[in-house]
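Undergrad: Take this sequence and fold it.
(one chain, ligands or ions: 1)
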Amino acid sequence: TPKQDLRGLRVVVSAGPTREYLDPVRFISNPSSGKMGFAVAEEARDRGAQVTLVTGPVNLPDPAGMSVVHIESALQLHDAVVDAAQAADVVVMTAAVADYRAAEAATEKQAKVAGDVTIHLTPNPDILAELGRDKGARVLVGFAMETHAGVERAAGKAQRKNADFILLNYPTREGTAFGGDDNQVTLVRADGTHEDWPRTSKREVARRLLDEALRVRAARPQA
Ligand code: C5P
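TA: Numbers count the residues shown, from 1 in each chain. Okay, here's the model as predicted:
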């Protein structure tokens, strides 16, 4: 059994995609598999944490030994995470949250019309940024996927959202990120310092993530 170094801590993890419905049968989403977030939740559980996993629709069974909350939309994810975060020591936002939702989702299936259609989208709340505005003693961790200028953009995000660090991953590297069992990430702190981690399993990335979260926590006065 792994070391029980998270015993007594409450860890909240978000995972998977969100679905932003346009009408009852159509939605905007993304290919997030949930594997990275589930790996973080399972690793935290195995190290003794009390875990709440808030997940969008994924093809993974609910892990045992934790509280699992199923959501679809970014607004539902927001409410579930903000609620669970109140008592949390560590919050890891692994979910691939849709930036926009339909300004007015239709309650009936929309019929096809001739020619182009326009969909009016409105921004979703940034959950990580909101948690960052009322952070308390919590450790806040984000993920980011960038195709270019990754480290600078991720450091800017960590700073703007008041996250302690962000794991930057790359959508274009074979076998990693969306859907893969491996990941290759760069740890980027708000102060711009960063470390490339080797390509490894998502479970090993989760292990290192939680090690870093414990270091951040140890360096912070507790309320
Ligand atoms: O700004 P960007 O979406 O690249 O930031 C990614 C990080 O912010 C991820 O940790 C993601 O879960 C989180 N996020 C969020 N709410 C949003 C968008 C992203 O919490 N609306």
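
Undergrad: Can stretch 141-148 be said to contact the ligand?
TA: Yes: using C-beta under 6 Å from any ligand atom, stretch 141-148 comes into contact with the ligand via 142-144. All C-beta spots, glycine's among them, are computed from the backbone N, C-alpha and C.

Undergrad: Give me the residue at the spatial middle of the chain.
TA: With distances taken as C-alpha atoms, centre = their mean, the residue of the chain nearest its centroid is residue 94 (1.7 Å).

Undergrad: if I pick that one, what's in contact with it?
TA: Residue 94 makes contacts with 13-15, 36-37, 40, 143, as judged by C-beta atoms under 8 Å, 6 or more residues apart in numbering.

Undergrad: Can you lay out the residues of stretch 141-148 next to the ligand as JSON lines showing distance to residue 70, neighbour count and secondary structure?
TA: Output for the residues of stretch 141-148 next to the ligand, formatted as JSON lines (distance: C-beta to C-beta, whole Å; neighbours: other C-beta atoms under 10 Å; DSSP: H, G, I helix; E, B strand; the rest coil):
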{"residue": "142", "distance to residue 70": "22", "neighbour count": "24", "secondary structure": "strand"}
{"residue": "143", "distance to residue 70": "20", "neighbour count": "26", "secondary structure": "strand"}
{"residue": "144", "distance to residue 70": "24", "neighbour count": "22", "secondary structure": "strand"}
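
Undergrad: In TSV, list these along with distance to residue 158.
TA: As requested, these are exported to TSV (distance: C-beta to C-beta, whole Å):
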residue	distance to residue 158
142	7
143	11
144	8
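
Undergrad: And the residues you listed, which is closest to the ligand?
TA: residue 142 (3.2 Å; C-beta to the nearest ligand atom).

Undergrad: May I have the residues that are in contact with the closest one?
TA: For residue 142, the contact set (C-beta under 8 Å, 6+ apart) comprises 93, 128, 157-158, 161, 163, 165-167.
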